[in-house]
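Colleague: Here is my input; please provide its structure:
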Amino acid sequence: MSRAEFRAHCSASRNVRGMTLIEVLVALAIVAVTLGAGLKAAGALTDNAQRLTDVTVAEWCADNQLTAFKLMRQFPGIGDSEFYCEQLGVVYQGKMVIRPTPNPNFRRADAVVFTPSGQTILTLSTVLSRY
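Modeller: Residues are numbered from 1 along each chain as shown. So this is what the prediction gives:
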């Protein structure tokens, strides 16, 4: 290799650089933000799955109460009453609300189910007839 070629080779190798510390820190910051967003999304999915379970179980409880009213084959009186329902090892509190309708032969029945902490999960409604 001649002296001119050697100088050209050395000057070319000096121009080739690796990543600077700033570039590495920026890349790490981008990775950290991305991982944080991924963890937040995973947490939201977990919360949504729990909410779906609560709503499904509450619907079972409310539907059981409304079906019991239909099977009694008695015209319900107007008023409110409480009920409790155990599903999947959790006791849910509910309220049955019976209201009149414009037609005196029908009553509106609302089954409202609450979380153990007292928040409304679901309201399921139906109309019950006299006959």
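Colleague: Which is the succeeding secondary structure element to the longest helix along the chain?
Modeller: When the chain is parsed with DSSP state H, its longest helix is helix 21-72. Following helix 21-72 in sequence order, the next helix or strand is strand 79-87 (DSSP states H and E).
Colleague: Give me the distance from stretch 57-67 to the chain's centre.
Modeller: Distance of stretch 57-67 from the chain centroid (C-alpha atoms, centre = their mean, to the nearest Å) equals 20 Å.
Colleague: now stretch 59-70
Modeller: The answer for stretch 59-70 is 23 Å, by C-alpha atoms, centre = their mean.
Colleague: same deal with stretch 38-56?
Modeller: In terms of C-alpha atoms, centre = their mean, the centre of stretch 38-56 is set 4 Å apart from its chain centre.
Colleague: Pull the residues that contact that stretch.
Modeller: Residues from elsewhere that reach stretch 38-56, judged by C-beta atoms under 8 Å, 6 or more residues apart in numbering: L88, T115, I121, L122. (C-beta placed from N, C-alpha, C; glycine too.)
Colleague: Generate a markdown table for those, with distance to L25, pLDDT and secondary structure as supplementary columns.
Modeller: Listed next are the contacts of stretch 38-56 as a markdown table, based on distance: C-beta to C-beta, whole Å; pLDDT from 0 to 100; DSSP: H, G, I helix; E, B strand; the rest coil:
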| residue | distance to L25 | pLDDT | secondary structure |
| --- | --- | --- | --- |
| L88 | 49 | 82 | coil |
| T115 | 45 | 84 | coil |
| I121 | 47 | 91 | strand |
| L122 | 50 | 93 | strand |
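Colleague: Dump these to CSV, plus distance to G77 and neighbour count.
Modeller: What follows is these, written out as CSV (distance: C-beta to C-beta, whole Å; neighbours: other C-beta atoms under 10 Å):
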residue, distance to G77, neighbour count
L88, 32, 10
T115, 28, 13
I121, 26, 19
L122, 24, 20
